[in-house]
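In: My questions are about this predicted structure, shown below with the sequence.
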Amino acid sequence: MQNINRQTDEQLVTAYANGNNEAFDILLRRYEDRIFTYIINIVKNKDVADDVFQETFVKAITTIRQGRYTDSGKFSAWLTRIAHNLIIDFYRQEKSENTVSADQEDTNVLNRRDLSEENIEDLMVTSQIHTDVRRIMDSLPEAQREVLEMRFYRNMSFKEIAEATDVSINTALGRMRYAILNMRRIASEKNIVLTR
């Protein structure tokens, strides 16, 4: 059998779709520098670039696993397109969050909830959300809980999480995806609202 490291991107995608996780690790190693450089050159912010980079590969994993990947050119171009679309989404979201119209005379642009200090009700709601999140996290399988804690409480990258837990980046990304899906399911089943 041909050495897996010498296989084409398309062969590796097929192997990964058929359950060979090592195939995706090789694809990740082939393109991580190129994709991250592309992202950082546009967003100019390492934290944002890290998030977009990780979301790019989560989306790639999901698409391939669901059998929705179609070989319509180069795999690297497909990854770059995913990253590009996520960057556009990021800027759209940022723009919509920061847009306030002062055209109306009865609108005071400084009278915004996000510019004010939290009142006691806000603090209580936030505290309850944190308690609910913690309770839901505690009900997750240990591997999923561990990835969530490392990512959100210790602010570790998926590469650092993979090294700390001695698994591939692909496995760490997968655990995060399943953890989030499980948290949403549990919150829905128990009618827990995790937003203000």
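Out: Cool, the structure landed.
In: wait, isn't residue 187 in contact with residue 139?
Out: No: counting by Cβ atoms under 8 Å, residue 187 stays clear of residue 139, with 10.7 Å between them. (Glycine included, C-beta is placed from N, CA and C.)
In: Please identify which of the two sits among more neighbours.
Out: Each of residue 187 and residue 139 has its neighbours counted (other Cβ atoms under 10 Å); residue 187 has more, 15 against 11.
In: I'd like the distance between that one and residue 125.
Out: Distance, residue 187 to residue 125, using Cβ to Cβ, to the nearest Å: 15 Å.
In: Same check on residue 42?
Out: For residue 42, the distance to residue 125 equals 36 Å [Cβ to Cβ].
In: do the same with residue 133
Out: Counting by Cβ to Cβ - residue 133 and residue 125 are separated by 13 Å.
In: For the chain, which residues score under the pLDDT cut-off?
Out: Counting by pLDDT under 70, the chain shows low-confidence ranges at 1-2, 97-123, 194-196.
In: What is the subsequent helix or strand relative to the one helix or strand residue 40 maps to?
Out: Secondary structure from DSSP states H and E places residue 40 in helix 21-43. Note on helix 21-43: by DSSP H and E, the next helix or strand toward the C-terminus is helix 46-65.
In: Give me the contacts around the very next helix or strand once past that following helix.
Out: Reading on from helix 46-65 to the C-terminus, the next helix or strand found by DSSP H and E is helix 75-98. Residues lying outside helix 75-98 but in contact with it, judged by Cβ atoms under 8 Å, 6 or more residues apart in numbering, are 9-10, 13, 27, 30-31, 34-35, 38-39, 42-43, 48, 51-53, 55-57, 59-60, 69, 72.
In: Mind giving me the ChimeraX select for those residues, buried ones only?
Out: To isolate the buried ones among the contacts of helix 75-98 in ChimeraX, judged by 16 or more other Cβ atoms under 10 Å, type:
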select :9,13,27,30,31,35,38,39,42,43,48,51,52,53,55,56,57,60,69
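In: how long is stretch 69-79 end to end?
Out: With Cα to Cα, to the nearest Å as the measure, the first residue of stretch 69-79 is 11 Å from its last.
In: From the chain's centroid, how far away is it?
Out: 20 Å (Cα atoms, centre = their mean, to the nearest Å).
In: Same question for stretch 73-86.
Out: On the basis of Cα atoms, centre = their mean, stretch 73-86 sits 16 Å off its chain's mean C-alpha point.
In: Show me what counts as buried in that stretch.
Out: Here stretch 73-86 shows 75, 78, 79, 80, 82, 83, 86 as buried, counting by 16+ other Cβ under 10 Å.
In: now the residues you listed in JSON lines, with distance to residue 154?
Out: JSON lines is the format used below for those (distance: Cβ to Cβ, whole Å):
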{"residue": "75", "distance to residue 154": "32"}
{"residue": "78", "distance to residue 154": "32"}
{"residue": "79", "distance to residue 154": "27"}
{"residue": "80", "distance to residue 154": "30"}
{"residue": "82", "distance to residue 154": "27"}
{"residue": "83", "distance to residue 154": "25"}
{"residue": "86", "distance to residue 154": "24"}
